[in-house]
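>>> Need a 3D model of the sequence below.
(one chain, ligands or ions: 1)
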Amino acid sequence: MAAETEWILIVDYGGQYTQLIARRLREARVFCRILPSTCAAGETIGRDGLMGVILSGGPSSVFVPHAPNLPAWFSSYDGPVLGICYGMQLLALHGGGEVKAGREMEYGPARLRLRPDIPLFESLPGEMTVWMSHGDRVVRLPDRFRVAASTDDLEIAAFADTLAKRYGVQFHPEVAHTPKGETVLRNFLFAVCGCAGDWTSEHVAEMKIAAVREKVVAGDVLCGVSGGVDSSVTARLVHEAVGKRLHAVFVDNGLLRLGERRWVLETFREAMGIDLELIDGTDLFLRRLEGIVDPEEKRRIIGCAFVELFQEWAREKGNISYLAQGTLYPDVIESVSAGGPSATIKTHHNVGGLPDTLRLELVEPLRDLFKDEVRALGRMLGIPGRLLDRHPFPGPGLAVRVIGAVSRESLEILRVCDDLFIRELRDSGWYRKVWQAFAVLLPVDSVGVRGDRRSYEKVVALRAVSSVDGMTADWSRLPDDLLSRVSTRILNEVPGVNRVVYDISSKPPSTIEWE
Ligand code: XMP
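Numbers count the residues shown, from 1 in each chain. Okay, here's the model as predicted:
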């Protein structure tokens, strides 16, 4: 990054939405850094190009002992500031205002009435819907500030010192539930901070490659490749950064889709110019999964087996010091609960859980990106569409799509159904229109009739969803005739299945995968 590149500093108070703020800024083509509130002055202000500071929300209350505070350098910083939720309350206290503990949480949508002539709210209507998620509230304005917006329940829902360019908002402008939130953030960037917005995705690639190069100092890098978007982009970035010091390894865990192993090996060789090294772990994975029903236990077993295989491979190879993984931001927030409000939902296998004995340092260049951003990055790096446009596929593979205990037979049935569904989606042009689609084998036998005989066979569920980033999703309204064709083909062509159902659940409250 050039020294003069403009950037925004996001001070992180552990909020669930901090990365969303960063994402909105990237969408507005403004570079940002997220730093913890404890970081020292030398690491932050004083750098060229700092255009403004955003204080994020967070799970804490300013009233709890040792609540995170404003960074030490803040009192000598006089540039633009936007405090969001917890960040607003800190800003209020800093300026001599008063915060009161709420008796109960205000959570959900609220109607916000905006005061006129506030640059942060430029070009917005007088009233708009916003998303609230807080307990404490600001009850007295800090010196020189005035009320910028109110709701029926909250007199000081936003405050402003327009001269000093300091703002606080109690609502969350970064979430999709605040429909005009993007305009609020853009106003902060352009009307308040005076950013130019010339940061592009080429910059992201350059920055990521430079960061990998900086991190990988001694030794080679092992990169586990699955053939999916994330690990392919990771492998390409690491390849660009360190060339032959990258060893890209593909593990066949016996939980792959039909024809996957061959497809991945060939595609990588032909389209990426990277020769994958193959580890066949089928027997190991399937043996360990025998009789295991609990999804989290399956994930744990699979995660451990991956680590063991990588460890053994690295030991044999020698000189491997790093493990590159395609961990994305949604994997991080859904897997980690740092005592905050974002409870652990599923322990996605590539987050945390790596034992100290691995002795490989992690390289995770995509850790702060969302799926669609990774796809854009991949396109820029010249990765072919047939790799980038693939639907996401979970690390634990078909093990979390065979509900209950996994066996070679059940995997075989699921593979054929899944392949048939995906082929039909491709042929009808629907593969590209949905975010993810797959089949699930249920541990349920149902009664049917085949010829003149009673049958008692398996049920297969089809799932297709639309989503932007996998964090929320809705079921896809696939055309009746397509669903009918898939169902008829499965029932006629796959022995052992006599019923097909279509999943019409959204996330939340369901998740995309069944396990
Ligand atoms: P859920 O089921 O949590 O899925 O709504 C969100 C996205 O994450 C994928 N997923 C996983 N990916 N390891 C992964 O690498 C996992 O354990 C895992 N579980 C779910 C899922 O396919 C969807 O795209």
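>>> Go ahead and confirm residue 239 touches residue 275.
No: at 11.2 Å, residue 239 does not count as touching residue 275 under the criterion of CB atoms under 8 Å. Where C-beta positions appear, they are placed from N, C-alpha and C, glycine not excepted.
>>> Spell out which residues are contacts of both of these two.
residue 248 (CB atoms under 8 Å, 6 or more residues apart in numbering).
>>> more neighbours, these two?
residue 239 (22 against 11; other CB atoms under 10 Å).
>>> Mind pulling the model confidence for that one?
At residue 239, the pLDDT value in this model is 95.
>>> Also residue 33?
The predicted local confidence for residue 33 is 84.
>>> what lines up beside the helix or strand encompassing residue 8 in the sheet?
Assessed by DSSP states H and E, residue 8 sits inside strand 7-12. Here strand 7-12 is paired, per DSSP bridges, with strand 31-36 (parallel), strand 50-55 (parallel).
>>> Identify whichever of those strands lies nearest to the ligand.
strand 31-36 (22.3 Å; CB to the nearest ligand atom).
>>> who touches the closest one?
1, 5-12, 18-19, 21-22, 25-26, 43-44, 54, 56, 199, 203, 368.
>>> so which strand or helix has the closest residue to residue 276 other than its chain neighbours?
Spatial nearest neighbour of residue 276, chain neighbours left out: residue 250 (4.4 Å); criterion: CB to CB, 6 or more residues apart in numbering. Assigning secondary structure by DSSP H and E places residue 250 in strand 246-252.
>>> and that strand, what other elements does it pack with?
strand 220-225, helix 229-242, helix 260-267, strand 277-280, helix 295-317 (3 or more CB pairs under 8 Å, 6 or more residues apart in numbering; DSSP states H and E).
>>> Please identify the most buried of the ones you listed.
The highest mean neighbour count among the helices and strands packed on strand 246-252, using mean count of other CB atoms under 10 Å, belongs to helix 229-242: a mean of 24.
>>> how far is that one from where the chain is centred?
Put simply, helix 229-242 sits 18 Å off its chain's centre (CA atoms, centre = their mean, to the nearest Å).
>>> Can you check what angle separates it from strand 246-252?
Interaxial angle, helix 229-242 versus strand 246-252 (axes from the mean of the first three to the mean of the last three CA atoms, to 10 degrees): 160 degrees.
>>> Contacts made by helix 229-242 with the rest, please.
205, 208-210, 212-213, 216, 220-221, 223-225, 246, 248, 268, 272, 274, 324-328, 363-366, 371, 374-375, 377-378, 381-383, 387-388, 390, 392.
>>> Any residue of that helix touching the ligand?
No: applying CB under 6 Å from any ligand atom, one finds helix 229-242 separated from the ligand by no less than 7.8 Å.
>>> Extract the CA atoms of that helix and return them as CSV.
Once non-C-alpha atoms are left out, helix 229-242 reads as follows in CSV (Å, rounded to 0.1, in the frame of the first residue of the first chain):
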residue,chain,number,x,y,z
VAL,A,229,-13.4,-21.1,-4.1
ASP,A,230,-11.8,-20.2,-0.8
SER,A,231,-8.9,-22.6,-0.9
SER,A,232,-8.3,-22.0,-4.6
VAL,A,233,-8.0,-18.3,-4.1
THR,A,234,-5.8,-18.9,-1.0
ALA,A,235,-3.5,-21.2,-3.0
ARG,A,236,-3.3,-18.6,-5.9
LEU,A,237,-2.4,-15.8,-3.5
VAL,A,238,0.2,-17.8,-1.7
HIS,A,239,1.6,-19.0,-5.1
GLU,A,240,1.9,-15.4,-6.3
ALA,A,241,3.6,-14.5,-3.0
VAL,A,242,6.1,-17.3,-2.6
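>>> any idea how far the spatially most central residue of the chain is from residue 127?
Taking CA atoms, centre = their mean as the criterion, residue 330 is the residue nearest the geometric centre of the chain, at 2.1 Å. Per CB to CB, to the nearest Å, residue 330 is found 32 Å from residue 127.
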